[in-house]
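Visitor: Pasted the sequence and its predicted model underneath.
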Amino acid sequence: MAFDTASIRFHFEGYFAGVDEELEYVGGCINNLQFDPNKLGFHEFEKLCERSGYKNVIRIFYRRPGFLLCDGLKPIINDDSILGMTGEMYLNNGFIDVYLEHGIDDVVQVELLENGPAEDHNGHEQNGGLGKDGF
């Protein structure tokens, strides 16, 4: 059975939590996209993700239809994995769920104080922008 268009339900801006049968994708958003499965390779899939505005993606998985999240996640890493995903879509009426893992957007560097509060250049104690009482 061939499809002219197929649907990917993207799960993005959430995160994986739990273990084994308790594994779930928490929070985030869902976006359905239509595409021609006969013209999809890994490079085209990456472009599809970029055009859809998905940012800071570090890993991508699809879930095999009929499987729990813990048993059915397959990484999308190359053309072979795209072919595997497309094959699974044909078994599921042209539909598949894809999950995006995102990296941390902004890194905040925190300095630990070993010897008490910092002092300014004049030897005055600084409270790092906290209120008068340090709160």
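Guide: That came through fine.

Visitor: Show me which positions of stretch 62-75 end up buried.
Guide: Of the residues in stretch 62-75, 62-64, 69, 73 count as buried by neighbour count, 16 or more other Cβ atoms under 10 Å. Placement of C-beta: from N, CA and C, glycine included.

Visitor: the helices in the chain, which residues?
Guide: Here the chain has its helices, by DSSP state H, at 42-51, 69-72, 79-90.

Visitor: Just the ones of the buried residues of stretch 62-75 in strands?
Guide: Among the buried residues of stretch 62-75, the members falling in strands (DSSP state E) are 62-63, 73.

Visitor: export those residues to JSON lines and tack on pLDDT?
Guide: Below are those laid out as JSON lines (pLDDT from 0 to 100):
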{"residue": "Tyr62", "pLDDT": "97"}
{"residue": "Arg63", "pLDDT": "97"}
{"residue": "Leu73", "pLDDT": "96"}
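
Visitor: what about Tyr25, neighbour count?
Guide: Tyr25 is flanked by 21 other residues according to other Cβ atoms under 10 Å.

Visitor: Least confident secondary structure element in the chain?
Guide: helix 42-51 (a mean of 89; mean pLDDT, DSSP states H and E).

Visitor: Return the set of buried residues in it.
Guide: 42, 45, 49.

Visitor: so what's the spatially closest residue to Thr86 that is not a sequence neighbour scoring on pLDDT?
Guide: Closest residue to Thr86 apart from its sequence neighbours, by Cβ to Cβ, 6 or more residues apart in numbering: Pro37 at 5.0 Å. For Pro37, the pLDDT comes out at 81.
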